[in-house]
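In: Got a sequence here, can you model it:
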Amino acid sequence: MFSFCSDPSVLPDWQWFACYLTTGKHMGFYASFGTVLLLLAITAPVAMAFGFAGAMAARSHFPPLGLLGKGYIAMVRGVPDIAFFLFVPIALDQALEWLRHKTLCPDWTAPIRQGNDFVVCAQAKLPLSSSPQSVHDAYSFALAVVAFSVVFGAFAGNVLVGAMRAVPHGQLETAEAYGMTRAQVFRRILVPQMWVYALPGLSNLWMILIKATPLLFILGITDIVYWARELGGMKTGAFAYPHGDWRLWYFLGLLVFYLAFTKLSEVVFERLMLRLTHGQATMGGEAQRKAPA
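Out: Down below sits the predicted model:
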């Protein structure tokens, strides 16, 4: 990065650290923070979509659909998250490769399951072996997003079901008495008002999602935990920048990052709650009405 970094062994401390902190590996470390933020930005709305669909299915009066929604919410909430984080990417990857294998290699005669191995033709592999590393990284990231969304979507669905039940039933009956259809009552009365009841649970779920991002490490994605362990480990004189065991400082940096991010999230949710409770027949809305002007 800097012209004076050609021989780190003769540099004074500040220049040594300037060179050390701008190596290619450290640039990967800094970029991994963007990976975490990107995961959160994509997973949150996708998980909400899963949760809303699950909540709608669970509330359905059509028995098979209701059973499907309740089963999804109960099953995912009842199984350790780590099991789904490991199962979903593997299952989805093998399902996609199996479909591609059946389509692209119809003349294949060997069994796909060979002992513990899952073997498909070269054309069916995802991604292809000839694909650049960026494609492999994007594919792994997409599988991670799906896994996170499936897990947290079930928890979001449970929160939304409870929020829908918390909306005063009298308001729904009044809307129907004014001639609204069930669909109109759902869109205009139930959904707009349920958010004030759902937000506390969703805010907790967001915090848990933030804390779960280090699980990217076990999915084979080079996230901030991977880089902190890699860069903080002891480096001998064989390296350009030898140093002792600095993992404490790297993980302390991660601690500061997560604490700052969760604090920012708390501020955002507090302001959003104030906005949602304004004019609502809730304790928060009543407190705002009684507050001095």
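In: how about the helices of the stretch 1-150 of the chain, start to end?
Out: Taking DSSP state H, counting those that start in this stretch, the helices of the stretch 1-150 of the chain run over residues 13-20, 24-58, 63-78, 81-104, 133-166.
In: would TSV of these with mean pLDDT, distance to Ala183 and mean neighbour count be doable?
Out: Backbone N, C-alpha and C define where each C-beta goes, glycine included. Output for the helices of the stretch 1-150 of the chain, formatted as TSV (pLDDT from 0 to 100; distance: least, CB to CB, whole Å; neighbours: other CB atoms under 10 Å):
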stretch	mean pLDDT	distance to Ala183	mean neighbour count
helix 13-20	83	61	14
helix 24-58	93	12	17
helix 63-78	92	16	15
helix 81-104	89	33	15
helix 133-166	92	15	20
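In: okay if I get those helices as TSV plus distance to Arg247?
Out: Output for those, formatted as TSV (distance: least, CB to CB, whole Å):
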stretch	distance to Arg247
helix 13-20	15
helix 24-58	13
helix 63-78	34
helix 81-104	23
helix 133-166	24
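In: Ser6 is nearest to which of these?
Out: Closest to Ser6 of the helices of the stretch 1-150 of the chain is helix 13-20 (CB to CB; 9.2 Å).
In: In a helix, Phe239, correct?
Out: No - assessed with DSSP: H, G, I helix; E, B strand; the rest coil, Phe239 is coil; it does not lie in a helix.
In: Now do it: how many residues are near it, please.
Out: For Phe239, the count of nearby residues is 10 (other CB atoms under 10 Å).
In: now swap in Leu255 and tell me
Out: By the measure other CB under 10 Å, the count of residues near Leu255 is 10.
In: 37 is where my numbering starts, stick with that
Out: New numbering, starting at 37: the last item is Leu291.
In: Which pLDDT value goes with it?
Out: With respect to pLDDT, Leu291 scores 94.
In: spatially speaking, which residue is in the middle of the chain?
Out: Centroid-nearest residue in the chain: Thr79, 4.1 Å away (criterion: CA atoms, centre = their mean).
In: wait, doesn't Phe188 sit right on Leu241?
Out: Yes - if you go by CB atoms under 8 Å, Phe188 and Leu241 touch, sitting 6.3 Å apart.
In: rewinding a little: which residues does the residue nearest to the centre of the chain contact?
Out: Counting by CB atoms under 8 Å, 6 or more residues apart in numbering, Thr79 touches 181, 184-185, 188, 245.
In: Skipping its backbone neighbours, what lies nearest it in space?
Out: Phe184 (4.5 Å; CB to CB, 6 or more residues apart in numbering).
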